[in-house]
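Chemist: Here is my input, please return the structure:
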Amino acid sequence: MAIFKGGIFTKRRELDSFFVNSYGNAQTRGVYTFTIDVETGEIFFKSHFKTPTNPIYSFNYGRFVCTTYKNRTGALSDGGVCSYTSTAQTLSLVSRVTDEGKTYMHGCVNGDDVSADKFFGVDYYNGEIMVARIVKKKLNKVIYVHKLEGVGVDPIRQTQSHPHYVGFTPDNQLYVVDLGLDRVIVFDVQEDGTLVEDVDVSFDVTPGYGPRQMTFNKEGTIAYVVNELVNTICVYRYENKTFTFMQEIDSYDKEKFPEEDNLVSEFKLTEDGLLAVVLNRGHDSVTLFSINEDGSLTYQDFVDTSANPRCLEIFRDRWIVVGCQKGGIIEVVEISREKNGLLFERDYSYLIAEPVCINEFFDILERKGTTNNSGV
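Modeler: Residues are numbered from 1 along each chain as shown. Model (predicted):
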């Protein structure tokens, strides 16, 4: 969070920062940083960092940003993952690892910038999970690769394993969501990086559902699985390392829009745990759900977006910034708590080529207590 101090008669702006990964072309691809006014929802461009290839996914851990890259050229030197130190003005490369140019759709680490000693990435295209060692806070080298085998029922999208998402359960086990195998796979991580599946915790979804993401609530008692191929969200109770199915709900109103060719994309919860937001590519919309006391979802509202909304971030449980890949734009939607949780489009947007990932950005200078008043 930053404070912009304007002139003597200018109201102080309270700003949150975020970054956007863009595919684009040689001139436009890279990582863009922005701020958002938390009172009005207005967004301001800050910086653009060109990257040699397409940045797919980025996440903060402590004072570092990790970014995974797509291999566009086929070269062994392409792809991989990089870590950076971050300010609103610069990203400084700290380290990089790659396993023969592999592309990692999603990634995570097993701690913060002080405690993490391993990075985990999922290779959607080759059906692999990669484990890299972190030494002295730097990505060091690939130490283990776990190959996933099998097929699903969809003759086009499920001809092999397609791991799409990786994270940790509340019990600190690694989990991987595999779109190709219709399975959420849970692993124990050994000290040397070896992954051993916990078959008693892993579970299958309905064949052909194509799960792409799983998200836990803050309490670690509820898990939400987003199914890309059928456009639903499944809700599970999680207790004693056991997932118990509770509910399945459509990602948009299929009764009103029965003919849509849609692929559900990103899902996130508000910080207060009362609402959930999901994106629909094809229906081109943001859908809002309220979260009931038992963790189940109730449909609230939706608003239209530009073409192919792929990524989102929520600020202050009020502002949703949506990245529309085909539309080439990021745009702002407001959650109105005063109007019973309805969604409203706001006239704040920024043209950016093929946005594919949005995440809140933690400026290392602000974390060190340094005030940055460079303006907007």
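Chemist: For this protein, give me the ranges with low pLDDT.
Modeler: Across the chain, the ranges flagged by pLDDT under 70 are 1-11, 88-89, 363-376.
Chemist: now do 50
Modeler: Counting by pLDDT under 50, the chain shows low-confidence ranges at 5, 7-8, 369-376.
Chemist: Now do the helices in it.
Modeler: Taking DSSP state H to define them, one finds helices in the chain at 364-367.
Chemist: give me phi/psi at residue 305?
Modeler: Here is the backbone geometry of residue 305 (degrees, to the nearest 10): phi -130, psi 180.
Chemist: you'd agree it is up against residue 287?
Modeler: No - here residue 305 lies out of contact with residue 287, judged by CB atoms under 8 Å, at a distance of 10.5 Å. Bear in mind the C-beta positions are built from the backbone N, C-alpha and C, glycine included.
Chemist: Tell me the residues that contact both of the two, please.
Modeler: With contacts defined as CB atoms under 8 Å, 6 or more residues apart in numbering, the residues adjacent to both residue 305 and residue 287 are residue 279.
Chemist: which outside residues touch stretch 67-82?
Modeler: Counting by CB under 8 Å, 6+ apart, 21, 23, 31, 51-58, 66, 83-84, 93-107, 119, 121, 132, 139 sit against stretch 67-82.
Chemist: Mind listing what's buried along it?
Modeler: 67-71, 78-82 (16 or more other CB atoms under 10 Å).
Chemist: Between its first and last residues, how far does it reach?
Modeler: From its first residue to its last, stretch 67-82 covers 5 Å (CA to CA, to the nearest Å).
Chemist: now the strands for the stretch 151-300 of the chain?
Modeler: Listed in chain order, the strands of the stretch 151-300 of the chain (DSSP state E, counting those that start in this stretch) span residues 163-168, 174-178, 183-189, 195-197, 203-204, 211-216, 222-227, 232-239, 242-250, 263-269, 275-281, 285-291, 297-304.
Chemist: quick one on the thing from earlier: kindly supply the ChimeraX command isolating those of the contacts of stretch 67-82 that are buried.
Modeler: The buried residues among the contacts of stretch 67-82 can be selected in ChimeraX (16+ other CB under 10 Å) with this line:
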select :21,23,31,51,53,54,55,56,57,58,66,83,84,94,95,97,98,99,101,102,103,104,105,106,107,119,121,132,139
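Chemist: Filter the contacts of stretch 67-82 down to the ones in strands?
Modeler: If you go by DSSP state E, those have 21, 31, 55-58, 66, 83-84, 93-97, 106-107, 119, 121, 132, 139 in strands.
Chemist: For residue 229, give me its contacts.
Modeler: For residue 229, the contacting residues are 154, 157, 179, 208-210, 263, by CB under 8 Å, 6+ apart.
Chemist: Would you mind giving those as a markdown table with neighbour count and distance to residue 193 added?
Modeler: What follows is those, written out as a markdown table (neighbours: other CB atoms under 10 Å; distance: CB to CB, whole Å):
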| residue | neighbour count | distance to residue 193 |
| --- | --- | --- |
| 154 | 16 | 32 |
| 157 | 16 | 30 |
| 179 | 26 | 24 |
| 208 | 14 | 33 |
| 209 | 24 | 30 |
| 210 | 28 | 28 |
| 263 | 20 | 33 |
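Chemist: now, the most widely separated pair of those?
Modeler: Farthest apart among these by CB to CB are 208 and 263. That separation is 13.7 Å.
Chemist: ok, back up a step: nearest to residue 232 among the buried residues of stretch 67-82?
Modeler: The nearest member of those to residue 232, counting by CB to CB, is residue 68 at 26.9 Å.
Chemist: That closest one and residue 82: what is the separation?
Modeler: Residue 68 sits 8 Å away from residue 82, going by CB to CB, to the nearest Å.
Chemist: Ok, residue 102 next?
Modeler: Distance of residue 102 to residue 82, computed by CB to CB: 13 Å.
Chemist: Kindly list the main-chain dihedrals of residue 74?
Modeler: Dihedral pair for residue 74: phi 90, psi -10, per degrees, to the nearest 10.
Chemist: what sits against residue 118?
Modeler: So, once contact is read as CB under 8 Å, 6+ apart, residue 118 ends up touching 109-110, 131-134, 143, 189, 193.
Chemist: ok so, going back, list just the nearest of the buried residues of stretch 67-82 to residue 249.
Modeler: Closest approach to residue 249 among these (CB to CB): residue 68, at 30.1 Å.
Chemist: Name the nearest residue to the closest one, ignoring sequence neighbours.
Modeler: Excluding the flanking residues, the one nearest residue 68 by CB to CB, 6 or more residues apart in numbering is residue 104, at 4.1 Å.
Chemist: Off-centre distance for stretch 200-210?
Modeler: 21 Å (CA atoms, centre = their mean, to the nearest Å).
Chemist: which of the residues in that stretch are buried?
Modeler: Buried, per 16+ other CB under 10 Å, within stretch 200-210: 201-203, 205, 209-210.
Chemist: Can I get those in JSON lines including distance to residue 330?
Modeler: As requested, these are exported to JSON lines (distance: CB to CB, whole Å):
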{"residue": "201", "distance to residue 330": "37"}
{"residue": "202", "distance to residue 330": "36"}
{"residue": "203", "distance to residue 330": "35"}
{"residue": "205", "distance to residue 330": "31"}
{"residue": "209", "distance to residue 330": "29"}
{"residue": "210", "distance to residue 330": "26"}
